[in-house]
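Undergrad: got a predicted structure plus its sequence, pasted below:
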Amino acid sequence: MQDLFKEDLSFDLEYLLALRLVFDNKGLLKLINSNLTKEEILNLKELGLKSLNFKNIKRYEEGLKNIEKYLIFSKDVLEQLNKDGIKIISIFDKDYPERLRRIELPPVLIFCKGNLSLLDNKKNIAFVGTRKCSELGASISFKTSAFFAENKFNIISGLAKGIDESAHKGALSVAGLTTAVLVDIKSISPNSNKNLVEEILQKNGLLLSENVPGTTQGEPFLFLERNRIQSAISEGVFVIESSLKSGTAKTVEYALKQGKQIYCPDFSQVETSSFEENRSLNKKLIETSKALPFTNSDYQEIIDNLS
């Protein structure tokens, strides 16, 4: 990612946002990391994209034909974001989180609302798991996050029903800090957690997304892509309860690539007949030594290892 930090490649937010509306994040990263100069990138409409071997070249070229319209739209978007209290940070900015810079596909833009100091918080821990969790799984998520929040950890999760919301609520129950990594800051999903979002903001938490607010439609792949951000900005990842075929499994994949330590509850002494499938990922991670099993008696040791 070296070219990303060349001073002469820094763009103003209005143009960078317009490019992000034309390209997906992966395409925009490829463009920025190409051998094109800033001037050539600014004149892409005339130069074309054939030399860059884009897979979605027709879609991108159609967008570039209308780049002036996107520039006008991006100006309106920036004004609205400002009114809504949403901060936009680009990968060129000094405020961009260092943990995100180091991953394979860092978001070119991030959209944030709330306590911006949490972006580079030194004590972040992620909680992930199934939406269809057991009462025990929800309880473990709540109690574990509450303990770590009391010990000054920022609790990272994705606001989904089940394990995610239990983790956020656990942190808030002890007046702790929590960050929700979302697909879209303005289109909260699920709708039932809008009150939870308000509480997170009221209690000095943070909302974070890589997608332009108000432009998504709940596409499933976007939920998978955001998972890399949850693990990237965290020191470690608690996989509370999940099946092998799940979005959580994708988070684990990202976390292992990023060198993060993974922790799973030890369900070995618990009757699991009705929730065995929901814990199949936990079981595999522990059996293959890709995760450390834990109970509440291990909390302090985990904190010591992460500090």
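TA: Structure received. All values reported here derive from a predicted model rather than from experimental measurement. Numbering: from 1, shown residues only.
Undergrad: switch to C-alpha atoms for all contacts and neighbour counts from now on
TA: Fine.
Undergrad: below-threshold pLDDT in the chain: ranges please.
TA: 1-11, 38, 42, 45-53, 56, 269, 271-275 (pLDDT under 70).
Undergrad: give me the phi and psi for residue 114.
TA: phi 120, psi -140 (degrees, to the nearest 10).
Undergrad: quick check: closest non-adjacent residue to it.
TA: With CA to CA, 6 or more residues apart in numbering as the criterion, residue 114 has its nearest non-adjacent residue at 4.5 Å, and that residue is residue 206.
Undergrad: residue 132 now?
TA: Nearest non-adjacent residue to residue 132 (CA to CA, 6+ apart): residue 162, at 5.9 Å.
Undergrad: follow-up on the earlier one: who does the residue nearest to residue 114 form a beta bridge with?
TA: As for beta bridges, residue 206 partners with residue 114, residue 179 under DSSP bridges.
Undergrad: that one: how many residues sit nearby?
TA: Residue 206 has 24 neighbouring residues, counting by other CA atoms under 10 Å.
Undergrad: and the residue most central in space within the chain, helix, strand or coil?
TA: Centroid-nearest residue in the chain: residue 229, 3.1 Å away (criterion: CA atoms, centre = their mean). Following DSSP: H, G, I helix; E, B strand; the rest coil, residue 229 is assigned to helix.
Undergrad: hmm, back to that, okay, now the residue nearest to residue 132: neighbour count?
TA: For residue 162, the neighbour count with other CA under 10 Å is 20.
Undergrad: try residue 223
TA: Neighbours of residue 223 using other CA under 10 Å come to 16.
Undergrad: quick check: which element contains it?
TA: Here residue 223, judged by DSSP states H and E, is contained in helix 220-232.
Undergrad: in the stretch 1-150 of the chain, which spans are strands?
TA: Here the stretch 1-150 of the chain has its strands, by DSSP state E, counting those that start in this stretch, at 87-90, 109-114, 124-128.
Undergrad: closest one to residue 292 among those strands?
TA: Proximity to residue 292 (CA to CA) singles out strand 124-128 among the strands of the stretch 1-150 of the chain, at 14.4 Å.
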